[in-house]
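Participant: Predicted model, plus sequence, below.
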Amino acid sequence: MALGEMKRMTRRLLFLWVLGYALIWTLITVYLDPAVPYDAVEALNWAQNAQWGSPKNPWLVGVMMRPALWLPSNVYWYAAHFLAIAAGMAGTWLLARRLSGSDRLAWLALLTLNLSGLINVDIISYNDNYLLVMLWPWMMLFYLLAITRNARWWLAFAVTAGLAAMAKYSSLAFIGLIFLSTLISPHIRSCYRRPVFYVALFIAAALIVPNLFWLWQHDFAAFRWVDSQIQAGLNPGLIITLLSVFYPLLFLGGMLYAGGARLHWPTPWAHRALLVIYLLPLLLISGWFLLHDGGRLTEWLQPFFILAPALMVGCARPVPECLARRYVVALFGAALVVVAGYAAVMYANIANAGQKMSGIIPFSHEMDRLWRDAYGTPLTYVGGDHLSQWLTFYVPSHPQTLTRWRNKTRPNVYNAHITYPQIVRHGALLVGKHGVPCSAETFGTVRRDWPGLRIDHVRQIVFQEDPAHTALPLCIALVKPAP
């Protein structure tokens, strides 16, 4: 078989694997997950606001959710996640192939991802990490190609790096070191003699600078939110967290060792530069969290794993001439076990996993019917307690929240463009605090922002979040739209 034909078959198999993986996980989660995570509600709200930033992340999280305003939002949430994961898996394979020079090791790196929840169970809950899983492998691959093959790859790097930075600020740790490498390394410094490099700088700046203005106008809300999640203090759980994220590398290292390979510091200067750019931010972030206690350490560290198998096989020498068939079968089998286990847990409702927050969907549909029966128009605005935020996702018209942006309170879900005349014209549905009857409900947060609103109708219902929670009274109020 010709070499070119073998390469086409390998790429075709790679495409089928990652696309099939995305399709299977999308179908499983769409049909078995009881409700989307709260991150989906936030992301859709940021998509509605269409600003250059958000209270927690830069602008890409919201942009990625814009299609959900017109498509089935829950299906889009899962499909977007796993298609992004598929793209990241393909990037991991190509990066591993470039670093190791071996298709065999590239497949080993790719299949090692099956041992981690990063590409399936753990990623569903986040509106930002899945974008890093998609972009980081390609960003590193394009950087490697730019410094070893052709300066035009700086353009591709600029796009992926700019998008990664606008997905989550942690990407700036990589980007900052890469920029530093262009100043320090004699091999890379020649890029400053190439006009295409300055075009790449302009592209990256065009993607990032608008967010800087947004941060300045909104009192650097995203950074203040991160700071609010962390407090000074020794974090003894760091080692356990690192092991829970990177433990698949132990299996990968064992398979390489059994195949006769040993891990060595890379000989090519470009590979060494890439490894330093990866390890230094990881060490700095881990050191920071060792001295600062916060509940989001796993969320910060998980995306780093998408690059780890590729970098590890790039350090393996000599390249094993063959790997035991049982290793490949075991890694393929791990993918099947994880998806089957996830489906079984959801279907059997183990630990309430298959019913968590399941009451929010019928509640949203009930509120939509209540409004349409009362006024015959689509629901445009909702407000009140946190349950109202779920209506913005599950009510088909995707009503917007009445909560205004304030630099002092920095609400996660807000309305950047709302005015009082708009509320008067379209009306609003208000949701009280769960467990508070109408006789005691004041809708204080709404009245604080909009004291002139007049409630037309009040109804008390019973709402149950899911079978594991108690059904409690809930007060609903309707603000009549203008005739």
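Facilitator: Great, that's in hand. Numbers count the residues shown, from 1 in each chain.
Participant: give me the low-pLDDT residue ranges for the stretch 101-250 of the chain?
Facilitator: In the prediction, the stretch 101-250 of the chain carries no residues with pLDDT under 70.
Participant: And the helices in it, which stretches?
Facilitator: Ranges of helices within the stretch 101-250 of the chain are 103-112, 129-148, 153-165, 171-184, 186-189, 195-217, 221-228, 238-246, 248-258, based on DSSP state H, counting those that start in this stretch.
Participant: what packs against the fourth one?
Facilitator: Helices and strands in packing contact with helix 171-184 are listed as helix 129-148, helix 153-165, helix 186-189, helix 269-291; criterion 3 or more CB pairs under 8 Å, 6 or more residues apart in numbering; DSSP states H and E. Heads up, the C-betas are built off the backbone N, CA and C, glycines and all.
Participant: Any chance you could list what contacts the third one?
Facilitator: Residues external to helix 186-189 that are found in contact with it (CB atoms under 8 Å, 6 or more residues apart in numbering): Ile147, Ser181, Thr182, Leu183, Trp269, Ala270, Ala273.
Participant: Count the residues that sit near the last one.
Facilitator: Right, Ala273. By the other CB atoms under 10 Å criterion, the neighbourhood of Ala273 contains 22 residues.
Participant: now the contacts of helix 186-189 as JSON lines including distance to Arg262?
Facilitator: Listed next are the contacts of helix 186-189 as JSON lines, based on distance: CB to CB, whole Å:
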{"residue": "Ile147", "distance to Arg262": "26"}
{"residue": "Ser181", "distance to Arg262": "27"}
{"residue": "Thr182", "distance to Arg262": "32"}
{"residue": "Leu183", "distance to Arg262": "34"}
{"residue": "Trp269", "distance to Arg262": "21"}
{"residue": "Ala270", "distance to Arg262": "21"}
{"residue": "Ala273", "distance to Arg262": "22"}
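Participant: how about stretch 473-483 as PDB, C-alpha atoms only?
Facilitator: In PDB, the C-alpha atoms belonging to stretch 473-483 read as follows (Å, rounded to 0.1, in the frame of the first residue of the first chain):
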ATOM      1  CA  PRO A 473     -45.100  26.800  47.400                       C
ATOM      2  CA  LEU A 474     -44.000  29.300  44.700                       C
ATOM      3  CA  CYS A 475     -45.600  32.600  43.900                       C
ATOM      4  CA  ILE A 476     -46.000  33.800  40.300                       C
ATOM      5  CA  ALA A 477     -47.000  37.300  39.400                       C
ATOM      6  CA  LEU A 478     -47.900  38.700  36.000                       C
ATOM      7  CA  VAL A 479     -47.200  42.300  34.800                       C
ATOM      8  CA  LYS A 480     -49.700  43.000  32.100                       C
ATOM      9  CA  PRO A 481     -48.300  44.200  28.700                       C
ATOM     10  CA  ALA A 482     -49.600  47.500  27.400                       C
ATOM     11  CA  PRO A 483     -52.600  47.300  25.200                       C
END
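Participant: now it: how far from the chain's centre is it?
Facilitator: Taking CA atoms, centre = their mean, to the nearest Å, the mean C-alpha location of stretch 473-483 is offset from the chain mean by 35 Å.
Participant: Spatially nearest residue to the residue nearest to the spatial centre of the chain, not counting backbone neighbours?
Facilitator: The chain has Asp128 as the residue nearest its centroid, 2.6 Å off, counting by CA atoms, centre = their mean. Nearest residue to Asp128, sequence neighbours excluded (CB to CB, 6 or more residues apart in numbering): Lys168, at 4.6 Å.
Participant: Tell me if I'm right that that neighbour and Trp59 touch.
Facilitator: No - at 11.4 Å, Lys168 does not count as touching Trp59 under the criterion of CB atoms under 8 Å.
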